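Asker: Kindly generate the corresponding structure for this input.
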Amino acid sequence: MHPEAKLALVAERLNQMYGTWTLHDGPVLRGPGAVTVTVGEDHTGSPNHLDLDMILNTGDPNPITVLDCSTGVAGNPEHAIRQAVAMWSETTAATVLELLTRRGDFGDHYRGADPGGFPGWHMITGGITGLGHKDNPTLLQQWMVESTPWTTLAPVLTAGLDRPQLNGIKFFIAAVGDFETAEVRINGEIHEPSSAALLALDWPRPNEFASARTFILLVHPE
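Answerer: Below you'll find the model as predicted:
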């Protein structure tokens, strides 16, 4: 799928959530204020995979970009990209929209000392999405809600932060049969120590396929 087509699906989704998003040459998707979205570099080669860069201050000589990727599992590539867009919008984009609006409509705000918070940081959490067989994704989503892995893994995550503010962190877990995987990306890059630590946690491993993902935005230190 061409970048223009991918961004058209992103625009469709974001226009349902907040503001007006229009596609321009580049291609680039322009939204409220100085926020834009572009298709990032594909690091997998899979037609089901989507890389998106959300630039918060387009035009600034020091751009701040929230980078993330998402993969759908549908057999049809267009349907898979739609799945990927939905998961990205409900997790990653939601934290950015909450940063813009600060009304609690798209995410939750935590102080560092709050239960479920990230020590030392003001944090915004996005939604928790899942894909898989029947109710299995719900098991993984519920585990994320109840265990708040970002709190547990905060010491190892902190070692991977490379920005003074606005650090974006994606958490992904999946399992089927004897296969299991966990991935943590900090500002778009895989953080191996955090990924290994997430894999080692006691999250459900159903026999049928299930996956869950979420995204947090560490806004600024407290």
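Asker: Buried residues in the host helix or strand of residue 218, which are they?
Answerer: Here residue 218 sits within strand 210-221, counting by DSSP states H and E. Under the neighbour-count criterion of 16 or more other Cβ atoms under 10 Å, strand 210-221 has 210-219 buried. From N, CA and C alone the C-beta is placed, and that goes for glycine too.
Asker: Could I have the CA atoms of it written out in PDB?
Answerer: Extracted C-alpha coordinates of strand 210-221, given in PDB (Å, rounded to 0.1, in the frame of the first residue of the first chain):
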ATOM      1  CA  ALA A 210      -3.300 -13.300  21.500                       C
ATOM      2  CA  SER A 211      -1.500  -9.900  21.600                       C
ATOM      3  CA  ALA A 212      -1.800  -6.600  23.400                       C
ATOM      4  CA  ARG A 213      -0.100  -3.300  23.200                       C
ATOM      5  CA  THR A 214      -0.200   0.100  24.800                       C
ATOM      6  CA  PHE A 215       1.800   3.300  24.700                       C
ATOM      7  CA  ILE A 216       2.900   5.800  27.300                       C
ATOM      8  CA  LEU A 217       4.200   9.400  26.900                       C
ATOM      9  CA  LEU A 218       6.600  10.600  29.600                       C
ATOM     10  CA  VAL A 219       5.900  14.300  29.300                       C
ATOM     11  CA  HIS A 220       8.400  15.800  31.700                       C
ATOM     12  CA  PRO A 221      10.400  15.000  34.800                       C
END
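Asker: how about the strands of the protein, start to end?
Answerer: For the chain, the strands identified by DSSP state E occupy 22-24, 28-30, 36-39, 49-55, 65-71, 108-110, 121-132, 167-176, 179-186, 189-190, 210-221, in order along the chain.
Asker: what comes into contact with the lowest-mean-pLDDT helix or strand in the chain?
Answerer: Counting by mean pLDDT, DSSP states H and E, the chain has its least confident helix or strand at helix 136-147, which shows a mean of 93. Contacting residues not belonging to helix 136-147 are listed as 128-132, 171, 173-175, 201, 203-204, 206, 208-212, 214 [Cβ atoms under 8 Å, 6 or more residues apart in numbering].
Asker: how far is the longest helix seen in the chain from where the chain is centred?
Answerer: Residue-count comparison of every helix in the chain, with assignments taken from DSSP state H, identifies helix 3-17 as the longest. Averaging C-alpha positions (Cα atoms, centre = their mean, to the nearest Å) puts helix 3-17 16 Å from its chain's average.
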